[in-house]
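> sharing a model prediction with you, sequence too.
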Amino acid sequence: MDSRTKGKTVMEVGGDGVAVITLINPPVNSLSFDVLYNLKSNYEEALSRNDVKAIVITGAKGKFSGGFDISGFGEIQKGTRKEPKVGYISIDIITDLLEAARKPSVAAIDGLALGGGLELSMACHARISTPGAQLGLPELQLGVIPGFGGTQRLPRLVGLTKALEMILTSKPVRAEEGHSLGLIDAVVPSAELLTTARRWALDIVERRKPWISSLLKTDKLPPLGEAREILKFARGQTRKQAPNMKHPLMCLDALEMGIVSGPRAGLEKEAEVGSQVISLDTTKGLIHVFFSQRGTAKVPGVTDGGLVPRKIKKVAIIGGGLMGSGIATALILSNYPVILKEVNEKFLEAGIGRVKANLQSRVRKGSMSKEKFEKTMSLLKGSLDYESFRDVDMVIEAVIENISLKQQIFADLEKYCPQHCILASNTSTIDLNKIGERTKSQDRIVGAHFFSPAHVMPLLEIVRTNHTSAQVIVDLLDVGKKIKKTPVVVGNCTGFAVNRMFFPYTQAAMFLVERGADPYLIDMAISKFGMPMGPFRLCDLVGFGVAIATATQFIENFPERTYKSMIIPLMQEDKRAGEATRKGFYLYDDKRKAKPDPELKKYIEKARSISGGNVDPKLVKLSEKEIIEMTFFPVVNEACRVFAEGIAVKAADLDIAAIMGMGFPPYRGGIMFWADSMGSKYIYSRLDEWSKTYGDFFKPCAFLAERASKGAPLSAPVEQARSRL
Ligand SMILES: CCCCC[C@H](O)CC(=O)SCCNC(=O)CCNC(=O)[C@H](O)C(C)(C)COP(=O)(O)OP(=O)(O)OC[C@H]1O[C@@H](n2cnc3c(N)ncnc32)[C@H](O)[C@@H]1OP(=O)(O)O
């Protein structure tokens, strides 16, 4: 393969008169422009050759195709590649050359056919798949729309309602379901895939099998009036679920056009809209997130050294509380045998009960069978001592945040666990060097910071100290992948990356409220911005006990930039501790529905008199934009510090940490990406102005000041960071 080209196709013509065209672009045979243009020329050749009667399209090495090469969107956005004429690929190549050809084609699908891959297969005249292959149109997840005819062909193959579900949720179906839906014509074992596809193609030529053009099918489409109602409902849902994004509605426009005015008009609309969405900011953000998420497992100096992850056969967890039981659930769900250790029978029973409840909720929802439940639970064993730790490969300590208790546990672990065993702590704030102070095992001590609920939340902060070995990081990255978490490797400091970013966010909100801003308007503005909930609702959810414990760590470690608000401690004194006590910033009814509480004013006024701050008329009347800036620019400021200190090695890691750990909206690309969309100069100037008026909490850090002075992006690599990694 030419080093300048990205992928190719090869064509082999058999003695049976079938030309097999194979897509080759590892690792997922994505459809780069090179692959697509190669496919076109192979196809033209196949159509012109007298020895070719039919065509089979397949993918190399067990994968049909993962869709259009996503990096191609980035090239178009940056202007490094000219976008082809609108509709050139979807209409000229896929529809007029492939689907309308005088020779039939069959897609032989192994492993996966996603996005453009599935769309290409839908233009073939039949689809044969191997069992379990993933079939889907996940484009909306990337901010684009199915642009190779998917908006037109999928509804015609599986019906409008199912097509909308697949497109709007981005969720793939397996080949077996695809077969029952009419998307796949036959499911055959891998070894028979090509022979079946070849035979099928010849059968079409010989009219023993039907020659079907998906685009011309109408039998699965509902009558026009019904289709309009279905689409109206889908639009309503989409507006509610994705209020800040345009592309899902634009996708529905293309679908509707096809149903109302016919597939050709639909294809044209799809091509027009498909080209427009590429330059949306939300699309740029989502594509950045796609690659950044995959980039977190690439840690310079760690994963590039050829180390192979060791096999972790058994894991022990210390502490069966909310975190420990959640971690145990995540592990047994991925088939790791787990020992759960507690201090007494009662706690152990409660811990195992929590794991059971986590799994039972899956059974209730229908996502886990009773047999699978039993099998999964059988991987969990309880223990009250360390005897059973003699053959574990990894221990995760998940007890309360008490340094001396953790030190004792790690000293015990060193005695009982084998030499190779990884000693991990789920601490969310405490310095790992302190935790390991009473051991000689600093090289195998690592942080495995899960987020609650641990079996649901997708992020795993892997915290390494200066002593943690690269092998241990590689092992934990592998476990993280196996338990389906996105790992972010960070350095050791109070709060690591996520909690350090979280803290100024909550504090800024407290500051604004003490100076006269309305907490409920702040929550509303932040929810509209795209966070799952505002900071006050979040404090109620996590509980004031946790909020105060975290605040204490920050006040101790970063006193110069902590805004000390008394609102939460004052409420806590009155036994208002958040949702669990049914009273916090909000009042909660039996169904946990939150409503504003007029009594909150009392606590705010008292806190204001303690801090000595005054109501600021400017802050009373903040616009939504100002609320967002005053709460998130301090987060950007802290993210800059984390980056400059080398706690995070890549700005993109902070983007993923903010999205998966804080709930920052992915379509804004993450905290640093979003900040760069506004520019370092602007953010610096706002923080600088506020720090002069309101104090050091807002003071821009040296890194931000330097980047702003050069007009440089915040996400550009740190050249000489005092890296702690
Ligand atoms: C004018 C243009 C119109 C285009 C129209 C068209 O309708 C648009 C599209 O088709 S958009 C693409 C739609 N496809 C997808 O969204 C699939 C995205 N990929 C995945 O979901 C997964 O990667 C997977 C299921 C295909 C494989 O998952 P797995 O966990 O096994 O592996 P990774 O996710 O780590 O991926 C492995 C490496 O492959 C790279 N990659 C995957 N898909 C693509 C792609 N479509 N384009 C480019 N690169 C892709 C991924 O980045 C990984 O790369 P590394 O360098 O990190 O190894």
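Thanks, I have the structure now.
> what secondary structure does whichever residue of the stretch 601-725 of the chain sits closest to the ligand sit in?
Residue nearest to the ligand within the stretch 601-725 of the chain (CB to the nearest ligand atom): residue 652, separated by 12.1 Å. Backbone N, C-alpha and C define where each C-beta goes, glycine included. Classification of residue 652 using DSSP: H, G, I helix; E, B strand; the rest coil returns helix.
> ok, now how distant is the residue in the stretch 251-400 of the chain that the ligand sits nearest to from residue 402?
Residue nearest to the ligand within the stretch 251-400 of the chain (CB to the nearest ligand atom): residue 294, separated by 3.8 Å. Distance of residue 294 to residue 402, computed by CB to CB, to the nearest Å: 37 Å.
> what does the chain have sitting close to the ligand?
When proximity is defined by CB under 6 Å from any ligand atom, the chain lies next to the ligand at 27-28, 30, 66-71, 89, 112, 114-116, 119, 138-139, 142, 144, 146-148, 150, 274, 294.
> buried residues, stretch 185-205. List them.
Neighbour counts using 16 or more other CB atoms under 10 Å place 185-188, 193-194, 196-204 of stretch 185-205 among the buried residues.
> do stretch 387-396 as well
388, 389, 392, 393, 394, 395, 396.
> next up, the contacts around the third one.
For residue 392, the contacting residues are 314, 315, 316, 339, 417, 418, 421, taking CB atoms under 8 Å, 6 or more residues apart in numbering as the criterion.
> what number of residues lie near residue 12?
Residues lying near residue 12 (other CB atoms under 10 Å) number 11.
> where does residue 141 land in three-state SS?
Assignment for residue 141 (three-state DSSP): helix.
> count the residues that sit near it.
Counted by other CB under 10 Å, the residues lying close to residue 141 total 16.
> for residue 283, see how far away it is.
Residue 141 is 11 Å from residue 283, by CB to CB.
> helix or strand: which one has the residue of the stretch 251-400 of the chain closest to the ligand?
Under the criterion of DSSP states H and E, residue 294 resides in helix 281-295.
> output that helix as PDB, nothing but the C-alphas.
In PDB, the C-alpha atoms belonging to helix 281-295 read as follows (Å, rounded to 0.1, in the frame of the first residue of the first chain):
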ATOM      1  CA  ASP A 281     -19.600  23.100  16.100                       C
ATOM      2  CA  THR A 282     -21.300  20.200  17.800                       C
ATOM      3  CA  THR A 283     -20.000  17.800  15.100                       C
ATOM      4  CA  LYS A 284     -16.500  19.100  15.600                       C
ATOM      5  CA  GLY A 285     -16.900  18.400  19.300                       C
ATOM      6  CA  LEU A 286     -18.200  14.900  18.900                       C
ATOM      7  CA  ILE A 287     -15.600  13.900  16.500                       C
ATOM      8  CA  HIS A 288     -12.900  15.200  18.800                       C
ATOM      9  CA  VAL A 289     -14.400  13.100  21.600                       C
ATOM     10  CA  PHE A 290     -14.400   9.900  19.400                       C
ATOM     11  CA  PHE A 291     -10.600  10.100  18.900                       C
ATOM     12  CA  SER A 292      -9.800  11.500  22.300                       C
ATOM     13  CA  GLN A 293     -11.700   8.600  24.000                       C
ATOM     14  CA  ARG A 294      -9.600   6.100  22.100                       C
ATOM     15  CA  GLY A 295      -6.500   8.200  22.800                       C
END
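> mean confidence (pLDDT) on that helix, please.
Mean pLDDT, helix 281-295: 97.
> which residues sit against that helix?
Outside helix 281-295, the residues touching it (CB under 8 Å, 6+ apart) are 70-71, 73-74, 77, 141-144, 244-247, 277, 486, 650, 652-653, 655-656, 659, 666-670, 673-674, 677.
> same check, this time on stretch 606-619
With CB under 8 Å, 6+ apart as the criterion, stretch 606-619 contacts 512, 514, 515, 516, 517, 564, 565, 566, 567, 570.
> quick one: buried residues of stretch 446-453?
For stretch 446-453, the buried set under the neighbour-count rule, 16+ other CB under 10 Å, comprises 446, 447, 448, 449, 450, 451, 453.
> for stretch 583-600, same thing?
In stretch 583-600, counting by 16+ other CB under 10 Å, buried: 583, 584, 585, 586, 587, 588, 594, 597, 600.
> the closest residue to the first one other than its chain neighbours and residue 273, how far apart?
Nearest non-adjacent residue to residue 583, counting by CB to CB, 6 or more residues apart in numbering: residue 576, 4.1 Å away. The spacing between residue 576 and residue 273, counted by CB to CB, is 50 Å.
> hey, where'd the strands end up in the stretch 151-300 of the chain?
Along the stretch 151-300 of the chain, the segments classed as strands by DSSP state E, counting those that start in this stretch run 173-174, 186-187.
> just the mean pLDDT for the first one, thanks.
Pointing back at strand 173-174 there. 98.
> which helices and strands does that strand pack with?
Under the contact criterion of 3 or more CB pairs under 8 Å, 6 or more residues apart in numbering; DSSP states H and E, strand 173-174 touches strand 134-136.
> what average pLDDT does the strand it packs on get?
Across strand 134-136, the average pLDDT comes to 98.
> so the residue in the chain positioned nearest to the ligand versus residue 527, what's the distance?
Closest to the ligand within the chain is residue 115: 2.4 Å, counting by CB to the nearest ligand atom. As judged by CB to CB, residue 115 and residue 527 stand 31 Å apart.
> so which of those two has more stuff around it?
residue 115 (28 against 14).
> can you name the residues that contact that one?
Here residue 115 is in contact with 66, 67, 68, 136, 137, 138, 139, 146, 148, 150 (CB under 8 Å, 6+ apart).
> who's the residue nearest to residue 173 when sequence neighbours are not counted bridged to?
Among residues not flanking residue 173 along the chain, residue 135 sits closest, at 5.5 Å (CB to CB, 6+ apart). Taking DSSP bridges, one obtains residue 113, residue 173 as the residues bridged to residue 135.
> wait, what's in contact with residue 135?
109, 112-114, 118, 129, 172-175, 178, 183-184.
> for residue 26, same thing?
7, 60, 61.
> for ChimeraX, write the selection for the buried entries among the residues you listed.
Buried residues within these, by 16+ other CB under 10 Å, are selected in ChimeraX with:
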select :7,60
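> tell me what the strand or helix carrying residue 639 is packed against?
Assessed by DSSP H and E, residue 639 sits inside helix 624-644. Helix 624-644 sits against helix 498-514, helix 519-529, helix 651-657, helix 671-678, helix 680-694, helix 702-710, with contacts defined as 3+ CB pairs under 8 Å, 6+ apart.
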